[in-house]
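Colleague: next comes the sequence, and after it the predicted model I'd like to discuss.
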Amino acid sequence: MNKIEHIGIAVKNLEDSNKLFTSLFGKLPYKTEEVASEGVTTSFFKSGPNKIELLQATDSNSPIAKFIDKKGEGIHHIAFAVTDIQSEITRLKKEGFIVLNETPKKGADNKLVAFLHPKATNGVLIELCQEIE
Ligand code: ZN
């Protein structure tokens, strides 16, 4: 597993949060993208080498809607860059982690992604992401 690729923050209203984070970082998001399969609209900010992903649910069944219902807005996941997502999934399963999707799926920002269940990671949802070449 490599560096932190980004931190995902669940928000209720992407438009309001885009304004907030634009003030915080002093620049606009570089990308806004809907990921229909996940029921989210996302926007991405860069601050130095760091990347923040804001996620807003597009329907009430979205995992983001459920997260906000339970915990309110806030940090939703930490994403780590990996060079070979399939072999990381195999390795982490052997280590006893619960992989939510064993077949990597297409996530936002041109990535293949897989998630580890927070039950086995001290309550932190971890995303693995591999850049799509
Ligand atoms: Zn993410």
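Modeller: Happy to help now that I have it. All values derive from a computational prediction rather than experimental measurement. Numbering: from 1, shown residues only.
Colleague: just the pLDDT for the nearest residue in space to Ala79 that is not next to it in sequence.
Modeller: What sits nearest to Ala79 in space, not counting adjacent residues and going by CB to CB, 6 or more residues apart in numbering, is Glu127, at 3.9 Å. For glycine as for every other residue, the C-beta is placed from the backbone atoms N, C-alpha and C. For Glu127, the pLDDT comes out at 97.
Colleague: is Glu127 in a helix, a strand, or coil?
Modeller: Counting by DSSP: H, G, I helix; E, B strand; the rest coil, the backbone at Glu127 sits in strand.
Colleague: who are the neighbours in contact with it?
Modeller: Residues near Glu127 by CB atoms under 8 Å, 6 or more residues apart in numbering: 5, 8, 77-80, 107, 113-116.
Colleague: ok, and which of those reach the ion?
Modeller: Residues shared between the contacts of Glu127 and the neighbourhood of the ion are 8, 79 [CB under 5 Å from the ion].
Colleague: ok and the residue in this structure nearest the ion?
Modeller: For the chain, the residue closest to the ion is Gly8, as judged by CB to the ion, at 4.0 Å.
Colleague: tell me if I'm right that that residue and Gln56 touch.
Modeller: No - at 11.3 Å, Gly8 does not count as touching Gln56 under the criterion of CB atoms under 8 Å.
Colleague: about what we covered before: need the contacts of Glu127 in CSV (columns: neighbour count and pLDDT).
Modeller: As requested, the contacts of Glu127 are arranged in CSV below (neighbours: other CB atoms under 10 Å; pLDDT from 0 to 100):
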residue, neighbour count, pLDDT
Glu5, 22, 97
Gly8, 22, 98
His77, 21, 97
Ile78, 15, 98
Ala79, 23, 97
Phe80, 16, 98
Gly107, 24, 88
Val113, 22, 95
Ala114, 23, 96
Phe115, 21, 96
Leu116, 22, 97
